[in-house]
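Student: My questions are about this predicted structure, shown below with the sequence.
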Protein chains: 2
Amino acid sequence: MKTSLFAVGSNGQTCADCAVREFSVCSSLDEAEMHDFEQLSRRVHFSACERVFAQEDMSLPLFSLVDGVIRLYKLLPDGRRQIVGFALPGDLLGMTTADRHGVSADAIGPVTVCRIAQVPFARFSADNLNLLRRINELVTRELNRARDHMVLLGRRSAEEKIAIFLVDWRARLAELRETTDIVPLPMSRQDIADYLGLTIETVSRTFTKLERDGVIDIIPGGVCLRNPARVEALAAA
Amino acid sequence: MKTSLFAVGSNGQTCADCAVREFSVCSSLDEAEMHDFEQLSRRVHFSACERVFAQEDMSLPLFSLVDGVIRLYKLLPDGRRQIVGFALPGDLLGMTTADRHGVSADAIGPVTVCRIAQVPFARFSADNLNLLRRINELVTRELNRARDHMVLLGRRSAEEKIAIFLVDWRARLAELRETTDIVPLPMSRQDIADYLGLTIETVSRTFTKLERDGVIDIIPGGVCLRNPARVEALAAA
DNA sequence: CGGGCGATTGACGGTCATCAAGCTGTGTGG
DNA sequence: CCACACAGCTTGATGACCGTCAATCGCCCG
């Protein structure tokens, strides 16, 4: 079995040997709670480009990402798309106060998630302080990311957007694995464009420009930071 | 005493007669809890353009907005600004998982807030399920707003941005008071520009265009929706 | 070898930013 | 009461950045 670029380690079928446990919402549960929790969740696999849930869905399970990368996005009626985030192992997807998800989620490459049924989960969390606090932490962190991204979308040039994207993505991967100057980019150019509020052509041109400037090398499946300091400088500006 | 455009009703000095209680984080507290809660919070007033907190602040009280409007924003080193949201009465400000606020907050016009000390609040909330759930609800709602705004910033034209801004702002005010076709805009053109990722000139031109097209009337302190359906249509697109 | 998809490159144009006046309303002081 | 100043807003002229359209490339796979 080929191990995923985005696996944290080997993943068994039970919560007890779940490799992302410490990163996930489950880190707030003790052994007994986890045993109960295991009854309401189920491991589900998706292959590349499959939809995990859609913005108009009215059934609202939660998903805890175990392995792989997921894109979260919103579609406009005319087809324009904005990716609001990429989810990595440990991330919790599908929290909402409304009667819809509000965002859609697709697997980028093969994905494993824990699907958590809504009603049992609501019952389970209703009187679990640690779990509520953990959810709070995850949602608040996500809100902070969202606000940072608003600054990027509203006030940054194309070159800054790309540089920030590379720096941030590398930093997020570094939370799960060791950092190197090689930054794997499992998502397509179109995904990057829709994440940064650009077109695919502008993304491509900007990558090429950074390569010509000796800042990065474009390699299959990602980029290599030839001059990490300059990437950071472009991102800080 | 002149009542604020953005007051929900008369506001006394205690939680018991707080007019925004039902909208705020406090709606989760029963009478006894509220009495305790009152000990950790204090009403504070700010006048127009005063800073409530700054993104680099390391003391982290929470603020529950009681009256007035606050702009939340982030500044880049070179002075570019992105407003990430406008807060209205009932909104909770200052939640963070980090050691900084991450955003700055200024009063737009006179403002009243409940300032809630961080450590006592953490103790108070640590074992209060209803309060934790309520905070969850508020933060999740804010995250949804943030994601909607990302779509606007990344994928909408100037005209769509303005139309959506008017529709959304009117809808938010409608949660607090009756809706009319008159939309008060207490914030400056510069604020609107920094919220929508535009320049002040583009905002001004777009307002003028909408007025020429018979969609809105520009009036002192706001706009009047002359043709609400067309504004909605521009916003939906 | 050829089909097909994603990525790159080029030419061109539009939207919106920039720079610069001019306008409007409000407060101040003679 | 009017002149003046000032800040916020509007309007105009110009151009840059990035979007659009189109062709080509590179790679994988049949």
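Tutor: All right, it came through fine. Residues are numbered from 1 along each chain as shown, chains lettered A, B, ... in the order given.

Student: use CA for all of it now, contacts and neighbours both
Tutor: Noted.

Student: Three-state assignment for residue A:60, please.
Tutor: Here residue A:60 is recorded as coil under DSSP: H, G, I helix; E, B strand; the rest coil.

Student: Check residue A:172 too.
Tutor: In three-state terms, and counting by three-state DSSP, residue A:172 is helix.

Student: quick one: it from DNA strand D, how far?
Tutor: Per CA to the nearest atom of the strand, to the nearest Å, residue A:172 is found 25 Å from DNA strand D.

Student: Around that residue, how many other residues sit close by?
Tutor: Residue A:172 has 13 neighbouring residues, counting by other CA atoms under 10 Å in any protein chain shown.

Student: what's the pLDDT at it?
Tutor: Per-residue confidence (pLDDT) for residue A:172: 97.

Student: and the gap between it and residue A:108?
Tutor: Distance of residue A:172 to residue A:108, given as CA to CA, to the nearest Å: 16 Å.

Student: Same check on residue A:148?
Tutor: Separation of residue A:148 from residue A:108 (CA to CA) stands at 23 Å.

Student: what does residue A:80 give?
Tutor: Note on residue A:80: its distance to residue A:108, by CA to CA, is 19 Å.

Student: more crowded one of those two?
Tutor: Neighbour tally, residue A:80 and residue A:108, criterion other CA under 10 Å: the higher count belongs to residue A:108, 22 against 13.

Student: Give the next helix or strand downstream of the helix or strand hosting the more buried one.
Tutor: Using DSSP states H and E, residue A:108 maps to strand A:104-116. Note on strand A:104-116: by DSSP H and E, the next helix or strand toward the C-terminus is helix A:118-126.

Student: Name the residues of that following helix that come out as buried.
Tutor: A:118, A:125 (16 or more other CA atoms under 10 Å in any protein chain shown).

Student: Check stretch A:17-37 too.
Tutor: For stretch A:17-37, burial by neighbour count (16+ other CA under 10 Å) applies to A:18, A:19, A:20, A:21, A:23, A:24, A:25, A:26, A:28, A:29, A:37.

Student: what is the residue nearest to the spatial centre of chain A paired to in the beta sheet?
Tutor: For chain A, the residue nearest the mean C-alpha position is residue A:87 (1.2 Å; CA atoms, centre = their mean). In this entry, residue A:87 is beta-bridged to residue A:70, by DSSP bridges.

Student: OK, contacts around it?
Tutor: Neighbouring residues of residue A:87 by CA atoms under 8 Å, 6 or more residues apart in numbering or on different chains: A:65, A:69, A:70, A:71, A:72.

Student: Quickly name whichever of those residues is closest to chain B.
Tutor: Set against chain B, the nearest of those by CA to the nearest CA is residue A:72 (10.0 Å).

Student: How is that closest one assigned, secondary-structure-wise?
Tutor: Of the three states, residue A:72 takes strand under three-state DSSP.

Student: residues touching it, list them.
Tutor: A:83, A:84, A:85, A:86, A:87, A:103, A:104, A:105, A:106.

Student: helix, strand or coil for the closest residue to residue A:171 other than its chain neighbours?
Tutor: Leaving aside its chain neighbours, residue A:171 sits nearest to residue A:179 (7.8 Å; criterion: CA to CA, 6 or more residues apart in numbering or on different chains). Here residue A:179 is coil, with the state taken from three-state DSSP.

Student: The residue nearest to the centre of chain A and residue A:57, how far apart?
Tutor: Look at residue A:87 and residue A:57: by CA to CA, they are 19 Å apart.

Student: got it, and residue A:125?
Tutor: Distance, residue A:125 to residue A:57, by CA to CA: 22 Å.

Student: again with residue A:167
Tutor: For residue A:167, the distance to residue A:57 - CA to CA - is 33 Å.

Student: out of the two, which sits in the busier spot?
Tutor: Set residue A:167 next to residue A:57 and count neighbours by other CA under 10 Å: residue A:167 wins out with 19 against 14.

Student: and that one, what pLDDT?
Tutor: Residue A:167 is given a pLDDT of 98.

Student: surely it meets residue A:234?
Tutor: No. If you go by CA atoms under 8 Å, residue A:167 and residue A:234 don't touch, sitting 9.8 Å apart.

Student: still on that earlier bit, count the neighbours of the residue nearest to residue A:171 for me.
Tutor: 13.

Student: residue contacts, it?
Tutor: Neighbour list for residue A:179: A:170, A:171, A:173 [criterion: CA under 8 Å, 6+ apart].

Student: Just read off the phi/psi values of it.
Tutor: phi -80, psi 140 (degrees, to the nearest 10).

Student: Residue A:109 versus that one, what's the distance?
Tutor: For residue A:179, the distance to residue A:109 equals 21 Å [CA to CA].

Student: For chain B, tell me whether the biggest helix by length in chain A is touching it.
Tutor: Secondary structure assigned by DSSP state H gives helix A:129-155 as the longest helix of chain A. Yes. Counting by CA under 8 Å from any CA of the partner chain, chain B has neighbours in helix A:129-155: A:129, A:132-133, A:135-137, A:139-144, A:146-147, A:149-151, A:153-155.

Student: and that helix, how far from the chain's centre?
Tutor: 12 Å (CA atoms, centre = their mean, to the nearest Å).

Student: on contacts alone, who are the packing partners of the helix or strand that contains residue A:193?
Tutor: Element membership of residue A:193 [criterion: DSSP H and E] is helix A:189-196. Packing contacts for helix A:189-196, counted by 3 or more CA pairs under 8 Å, 6 or more residues apart in numbering or on different chains; DSSP states H and E, involve strand A:81-87, helix A:158-174, helix A:200-212.

Student: Okay, angle between it and helix A:129-155 too, please.
Tutor: 90 degrees (axes from the mean of the first three to the mean of the last three CA atoms, to 10 degrees).

Student: Check the offset of helix A:189-196 from the chain's centre.
Tutor: Distance, centroid of helix A:189-196 to centroid of chain: 14 Å (CA atoms, centre = their mean).

Student: touching DNA strand D at all, it?
Tutor: No. Judged by CA under 7 Å from any atom of the strand, helix A:189-196 stays clear of DNA strand D, getting no closer than 7.9 Å.
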